[in-house]
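>>> Please work out how this folds:
(one chain, ligands or ions: 1)
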Amino acid sequence: MKVLVPVKRVIDYNVKPRVKMDGSGVDLANVKMSMNPFDEIAVEEAIRLKEKGVATEIVAVSIGEAKAQETLRTALAMGADRAILIVSETEVEPLGVAKLLAKVVAEEAPGLVILGKQAIDDDSNQTGQMLAALTGRPQGTFASKVEVEGDTVKVTREVDGGLETVSLKTPAIITTDLRLNEPRYASLPNIMKAKSKPLAQKTPADYGVDVTPRLKTLKVSEPPKRQAGIKVADVDELAAKLKALGVAA
Ligand code: AMP
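Residues are numbered from 1 along each chain as shown. Alright, predicted model coming up:
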């Protein structure tokens with residue numbers, strides 16, 4: 001079974017984002033960029049399926065600027081077999097990404113597509129669901145456990161009240177939650193090996209997909225600065241202050 005893993009290049013999760021002076025977006029100049037953390041989990045899950053003999057080939061795909069090549073090389077160094085980069089110098093919204101992925105799915109016919117549940121830059125949480133709708137495939141979102149048995153995938157999902165297990169027939173779409181696994185680091189020999197793994201370059205036009213944005217960002221602003229706190233002498237004073245604020249009885 002072939003597994004397709006879409007990986008997005010995003011601002012590194014350790015970086016504190018700075019908003020551009022004109023409020024038009026986040027300043028990405030000279031900022032460390034990395035693979036979206038949920039996508040690392042998706043790559044790891046695909047590799048584990050390959051190690052179990054369930055997956056036969058892992059194809060990583062990214063839509064973004066030419067530098068997204070680095071993100072794909074990371075996926076290849078972790079253990080993906082080949083990669084596809086769909087180059088777009090302008091930001092592609094989730095619907096555009098899902099439409100492109102639907103074309104790749106039609107071409108590659110993967111048994112599973114494993115995406116992250118959300119990209120930490122736009123926090124959309126839309127692409128996997130849109131891809132499921134566009135391809136007519138069943139979806140198991142927010143997966144904390146994935147078990148493949150024949151042509152069935154059991155996905156344990158993290159929902160508000162606890163865990164829910166759903167059963168899907170492959171081909172299917174899965175999105176990863178944080179607790180699915182702990183992604184491995186790529187070893188130095190694997191980083192070297194990844195340099196010679198195949199990486200195909202395409203454009204949205206090659207797939208006949210119009211990725212013109214449908215949304216206009218009006219304003220991006222920093223969260224309000226936190227007010228300084230106060231020190232209290234003891235528990236009684238704390239209780240009195242909370243009572244005065246109406247947060248304690
Ligand atoms: P989002 O819907 O933007 O929160 O993204 C959810 C997931 O879709 C991500 O974790 C990725 O697996 C995938 N995805 C979104 N945008 C891209 C992109 N530009 N290239 C590759 N995968 C993407």
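
>>> What residues are bridge-paired with the spatially most central residue of the chain?
Centroid check for the chain by Cα atoms, centre = their mean gives residue 116 as the closest residue, at 3.2 Å. Here residue 116 sits in beta bridges with residue 176, as judged by DSSP bridges.

>>> For it, give its distance to the ligand.
Residue 116 is 2 Å from the ligand, where distance means Cβ to the nearest ligand atom, to the nearest Å. Using the backbone N, CA and C atoms, a C-beta is placed for each residue, glycine as well.

>>> what do you get for residue 26?
For residue 26, the distance to the ligand - Cβ to the nearest ligand atom - is 14 Å.

>>> Is that residue in contact with residue 17, as I believe?
Yes: Residue 26 lies in contact with residue 17 (Cβ atoms under 8 Å); the separation is 4.7 Å.

>>> Now the common contact residues for those two.
residue 11 (Cβ atoms under 8 Å, 6 or more residues apart in numbering).

>>> For the worst-scoring helix or strand of the chain on mean pLDDT, which helices and strands make contact with it?
Least confident element among the helices and strands of the chain, by mean pLDDT, DSSP states H and E: helix 235-245 (a mean of 93). For helix 235-245, the contact count by 3 or more Cβ pairs under 8 Å, 6 or more residues apart in numbering; DSSP states H and E identifies no helix or strand as a packing neighbour.

>>> Near the ligand, which residues of the chain? Just list them.
For the chain, the residues in contact with the ligand (Cβ under 6 Å from any ligand atom) are 6-8, 36, 38-39, 42, 62-64, 92, 94, 97, 115-116, 118-119, 122, 124-128.

>>> and with 5 Å instead?
For the chain, the residues in contact with the ligand (Cβ under 5 Å from any ligand atom) are 6, 8, 36, 38-39, 62-64, 94, 97, 115-116, 118-119, 122, 124-127.

>>> Buried ones among the residues you listed?
6, 8, 36, 38-39, 62-64, 94, 97, 115-116, 118-119, 125-127 (16 or more other Cβ atoms under 10 Å).

>>> Can you list the low-confidence ranges for this structure?
248-249 (pLDDT under 70).

>>> That one: helices as residue ranges?
In the chain, the helices defined using DSSP state H lie at 37-51, 68-78, 94-108, 127-135, 188-194, 235-245.
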